[in-house]
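**Student:** Mind looking at a prediction? Sequence and model below.
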Amino acid sequence: MLGFIIQRLLQAGLVMLVMSALVFVGVFAIGNPIDVIISPDATQDIRARAIAAYGLDRPIWEQYAGFLGRLLQGDLGRSFVFNMNVTDLIFSRLPATLELTLVAVLGATFIGVPLGIYAGYRPDSPVSKGIMAVSVLGFSVPTFWIGLLLILTFAVWLGWLPAGSRGPTVEVFGVGWSFLTPEGWKHLLLPALNLSLFKFAMMVRLSRAGTREIMLTDTVRFARAAGLSEWTILRHHVLKLISIPIVTVFGLEFGSTLAFAVVTETIFSWPGVGKLIIDSINSLDRPVMVAYLILVAALFVTINLLVDLTYALLDPRLRRKGA
C-alpha cells in the first residue's frame, strides 16, 4: 500500500509541474492586461512604468521561474484589479462555491442512486420509465436554459424564491455559510437544483446500468437461493458492487462542479469562485486566472489520488498490485 501511495504522489507532482507551465503560457498568450488596467489616455511613460511594476517587461521564462519560486512558498501573486493577495481573494469566494457544489452533488447522489437502482431493478415499470425520462432531460437541456426557466417560474411568476445572490450567512470558525439560515436556503435552492440536474441524470443512468448488469450475475442468484430478501440483496450486494463506479463519478463530478460552476454562478449572481474567474477574464487579471487554473488542476489531481486510494481500499487486488 505504501508503494502504491508513493507512486501516485510522484505522478501527481509531475502532472502539476506540466500543468503549471501550460497554464502560465496559455494565460500569457491571451492578451495584455495593461490595455485594461491603464487608461487609453495614459502616456507611454506611465504605461512603461506600469509594465515594469507588474513585471510584464521580463521574458516569459523569467516570469514563469519567478512564479514557480513564489508558488513553492505558497504565494500565488497579487490581483491586478482587486489589489489583494490572490490566495485570500479566491478563498474568500470559495465557501460560496463549496456549499453550492456540496448541496448539488450530494443531492444528486442521494436521490439519483436509489432511483437508478430502482429503475434497474424494475426496468419495465411506469415509475422507472418516468425516472429515465427525467434523466434524459437532465442530459439534453443546457444548464443556462434550465437556470433561466427556474428563475422565470419560481422567482418571477410564482415569487416563491429569490432570483439571485447568496442571502444572509452565519459564520462558523470565521467562514460564512448561507445554508445555516432559512433565508440562505431560499437563495441556495434554485442554483443548487440547476447545478444538480446533469449530475442527477448521470447518477441515475450509472446506477441503473450497474444494477441491470449485477442482477443477472451468479452472486444474485446464489443470494436468492440462500433465502435472502430482495431488499437485503439490493442493499448488501448490488449497492456494494456498483460502489466503485459511483465513487469515481462522485469524485470527478464533485471536482468538475466545484471548478466549473461558472454558468450557474453567473446566471444566479452567486458570489463564488466561478463568478470571480469570469470577472477576471473580462479584466485580464492574469494572477487570478493563473491561480484559479492551478488550483483547479491541483483539485483534480487530489481527487484522482483520493479516488485511487478509495479503489485500493475497496479492491484488495489494487493494493497488491501497487505494493
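**Tutor:** Sure thing, it's come through. Numbering: from 1, shown residues only.
**Student:** For stretch 59-68, which residues meet the burial criterion?
**Tutor:** Residues of stretch 59-68 classed as buried by neighbour count (16 or more other Cβ atoms under 10 Å): 63-64, 67. C-beta: built from backbone N, CA, C; applies to glycine.
**Student:** so Leu197 touches Gly138, yeah?
**Tutor:** Yes - between Leu197 and Gly138 a contact is recorded at 4.3 Å, counting by Cβ atoms under 8 Å.
**Student:** For Leu148, which non-adjacent residue is spatially closest?
**Tutor:** Ile267 (6.8 Å; Cβ to Cβ, 6 or more residues apart in numbering).
**Student:** So for the one you found, what pLDDT did the model give?
**Tutor:** In this model, Ile267 is scored at 90, pLDDT.
**Student:** List the contacts of it.
**Tutor:** 144, 147-148, 151, 164, 191, 194 (Cβ atoms under 8 Å, 6 or more residues apart in numbering).
**Student:** So how do I select the buried members of those in ChimeraX?
**Tutor:** For the buried members of these, the matching ChimeraX selection, counting by 16+ other Cβ under 10 Å, is:
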select :147,151,164,191,194
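**Student:** now Pro162: how far from Leu252?
**Tutor:** As for Pro162, its distance to Leu252 is 31 Å (criterion: Cβ to Cβ, to the nearest Å).
**Student:** same question, Ile34
**Tutor:** 38 Å.
**Student:** Verify the contact between Leu306 and Leu252 for me.
**Tutor:** No - taking contacts as Cβ under 8 Å, Leu306 lies outside contact range of Leu252: 10.9 Å.
**Student:** what about Leu10, how many residues close to it?
**Tutor:** Neighbour count for Leu10, taken as other Cβ atoms under 10 Å: 10.
**Student:** now Pro162
**Tutor:** Pro162: 19 neighbours (other Cβ under 10 Å).
**Student:** now do Met203
**Tutor:** Other residues within reach of Met203, judged by other Cβ under 10 Å, total 27.
**Student:** Kindly report the same for the one 4 residues further on.
**Tutor:** Ser207: 26 surrounding residues under other Cβ under 10 Å.
**Student:** Kindly report the same for Asp41.
**Tutor:** With other Cβ under 10 Å as criterion, Asp41 counts 6.
**Student:** Surely it is in a helix?
**Tutor:** No - checked against DSSP: H, G, I helix; E, B strand; the rest coil, Asp41 lies outside a helix; its state is coil.
**Student:** what about Arg58, distance to Gly69?
**Tutor:** According to Cβ to Cβ, Arg58 stands 13 Å off from Gly69.
**Student:** between these two, who's got more neighbours?
**Tutor:** Higher neighbour count among Arg58 and Gly69: Arg58, with 14 against 10, using other Cβ under 10 Å.
**Student:** Check that one and give its pLDDT.
**Tutor:** With respect to pLDDT, Arg58 has a value of 81.
**Student:** Same question for Ser39.
**Tutor:** So Ser39 comes in at 69 (pLDDT).
**Student:** same thing with Ala52?
**Tutor:** Note on Ala52: pLDDT of 81.
**Student:** Secondary structure element holding it?
**Tutor:** Using DSSP states H and E, Ala52 sits in helix 44-53.
**Student:** Which neighbouring elements make contact with that helix?
**Tutor:** Applying 3 or more Cβ pairs under 8 Å, 6 or more residues apart in numbering; DSSP states H and E, one finds that helix 44-53 makes contact with helix 34-37.
**Student:** Using the three-state scheme, assign Ala163.
**Tutor:** Ala163 ends up coil, using three-state DSSP.
**Student:** Check the one 5 residues further on too.
**Tutor:** For Pro168, the secondary-structure state derived from three-state DSSP is coil.
**Student:** got it, and Trp185?
**Tutor:** helix.
**Student:** What are the phi and psi values at the closest residue to it other than its chain neighbours?
**Tutor:** Leaving out its chain neighbours, the residue that sits closest to Trp185 by Cβ to Cβ, 6+ apart is Phe179, at 6.1 Å. Main-chain dihedrals, Phe179, degrees, to the nearest 10: phi -70, psi -10.
**Student:** Distance-wise, check Phe179 relative to Asn282.
**Tutor:** 29 Å.
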